[in-house]
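>>> give me coordinates for this.
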Amino acid sequence: MTLFQRYMFRQLLWPFLGTIASLSGLAILTQSLSNLDLLAERGETALSFLWITLLAMPQVIALLLPIAVFLAVAIGLNRLVGDSELTVGAAAGMSRRQRLTPVVRLALWVLIANLLINLFVQPASFRQMRELLYEIRTDIAASFMRDGEFVSLGGNVTFYAREIDDDSVMYDIFIEDGRAGEAAAYAARRGVIVQAERGPVMLLEDGVLTRTDDQGVLSSLTFERYEFELTEFIDSSAAFLFKESDKFLSELLAPSPTDIARSRSAEDLYAEGHYRLSSPLYNLAFALIAAAAFFAVEHRRTGYVRFVILAGVSALMLRLAGFAVQAAAASDSSLNTLQYGLPLVGMGVALGLIGRSSARQRIFNRISMRRRPA
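The predicted structure follows:
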């Protein structure tokens, strides 16, 4: 790159970094609101809450990158035009293609970063997030253990523990179980929750089980060790399955029979895989659309606001069409080619507008030279 192109690239890079940082901060705030139940209901620490929020961010950042590129190009070029620096570059002999090179270079770097996020960072982070959420939502102990409080488990079971130490060992436990139309009460000196093959159970030690039978006869049973089933109190939505967003590209484009069985259909996996490959193209498309707002028209002293707005609306409509095609491709795999075609069409239209303006300017210059007196 020439000195002017390097300068121009920096003028585009800093707005991009500022924009993606601002958008990411806003995304972290909104993403954290959806995880507040981990603090309010599950009693998780702020560190776990923050870590889960950060693990969800790669997918959000990948969605924000094209927007950040568009805004960075629009902001950077608007400043360069306002200070007449692009005009100076043109007067120094730089062609429109040379002035467009820093824009394309920035978009290509972001495209590569977006592709790496889609193919490697997102599935790796989502897998870890899914495992952590599964552990939290199936952690029966963390969900209801409260020192000295009566806690309801479902509609007919009440739990109480006088004391819980740092190792999650409970002392002086009382459980009232009114399921299946029977009345039973458990009192134990000590208890701890463990994971068995059939699910989590509470191991009660040195206790008494008191219950009434169908005739209302009261009976008591002293036990040294008793296993109280907790499986039905697990969050039913917490099944540990990797979703399409958690899978790597090889699992999406060449799924195993197990992957297909656990997904809604093979078309869903194919659509997600092609989306991962095609969505980074929108970075280049958005950059060229933003550049077209400045390069596709003649220099205007009144500014380029309406052209930038028109370019922004066009970019938004293009991206929404991309989401619609992805959703349609989940039912018809033949539409996956359109996931690549839409951003390529956007690039082609933007380059066509820029090239047409450049050709028109060359024709105008030639006519002016011929009319100039000798």
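>>> any idea how this protein splits into domains?
Following automatic domain parsing, the chain resolves into domains at 3-137+240-371, 143-233.
>>> what is the mean pLDDT for the first one?
Model confidence over domain 3-137+240-371, given as mean pLDDT, is 88.
>>> among the domains of the chain, which is the most enclosed?
Here the criterion is mean neighbour count by mean count of other CB atoms under 10 Å, and of the domains of the chain the winner is domain 3-137+240-371, at a mean of 17. Yep, even glycine has a C-beta here, placed from its N, CA and C like the rest.
>>> so what's the gap between that domain and the chain middle?
Mean-position distance between domain 3-137+240-371 and its chain equals 14 Å (CA atoms, centre = their mean, to the nearest Å).
>>> for stretch 147-156, same thing?
35 Å.
>>> only C-alpha atoms, please: export it in CSV.
Coordinates of the C-alpha atoms in stretch 147-156 are reproduced here as CSV (Å, rounded to 0.1, in the frame of the first residue of the first chain):
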residue,chain,number,x,y,z
ASP,A,147,-29.7,-23.2,55.5
GLY,A,148,-32.7,-23.2,57.9
GLU,A,149,-35.3,-22.6,55.2
PHE,A,150,-38.3,-24.8,54.1
VAL,A,151,-38.0,-25.2,50.4
SER,A,152,-40.7,-26.6,48.1
LEU,A,153,-39.6,-29.2,45.5
GLY,A,154,-42.5,-29.4,43.1
GLY,A,155,-46.0,-29.3,44.5
ASN,A,156,-45.9,-32.0,47.1
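>>> Y226 - that's part of a helix, no?
No. Y226: not assigned to a helix; according to DSSP: H, G, I helix; E, B strand; the rest coil it is strand.
>>> can you tell me the helix or strand for the closest residue in space to it that isn't next to it in sequence?
In space, Y226 comes closest to L204 once its chain neighbours are excluded; the distance is 4.5 Å by CB to CB, 6 or more residues apart in numbering. Per DSSP states H and E, L204 falls inside strand 199-212.
>>> so what's the residue nearest to Y226 scoring on pLDDT?
Value listed for L204 in the pLDDT field: 93.
>>> tell me who's in contact with it.
Shown in contact with L204 (CB atoms under 8 Å, 6 or more residues apart in numbering): I173, Y186, A188, R190, G191, F223, R225, Y226, E227, F228.
>>> make CSV out of the residues you listed and add pLDDT.
As requested, those are exported to CSV (pLDDT from 0 to 100):
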residue, pLDDT
I173, 93
Y186, 93
A188, 95
R190, 93
G191, 90
F223, 93
R225, 93
Y226, 92
E227, 90
F228, 87
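>>> quick one, helices of the stretch 251-374 of the chain?
Secondary structure of the stretch 251-374 of the chain (DSSP state H, counting those that start in this stretch): helices at 257-262, 266-278, 281-295, 305-329, 336-371.
>>> for A90, find the nearest of these.
A90 lies closest to helix 336-371 among the helices of the stretch 251-374 of the chain, at 9.5 Å (CB to CB).
>>> which one of the helices of the stretch 251-374 of the chain lies nearest to S152?
Smallest distance to S152 across the helices of the stretch 251-374 of the chain (CB to CB): 33.6 Å, for helix 257-262.
>>> got a pLDDT number for A180?
pLDDT at A180 comes out at 68.
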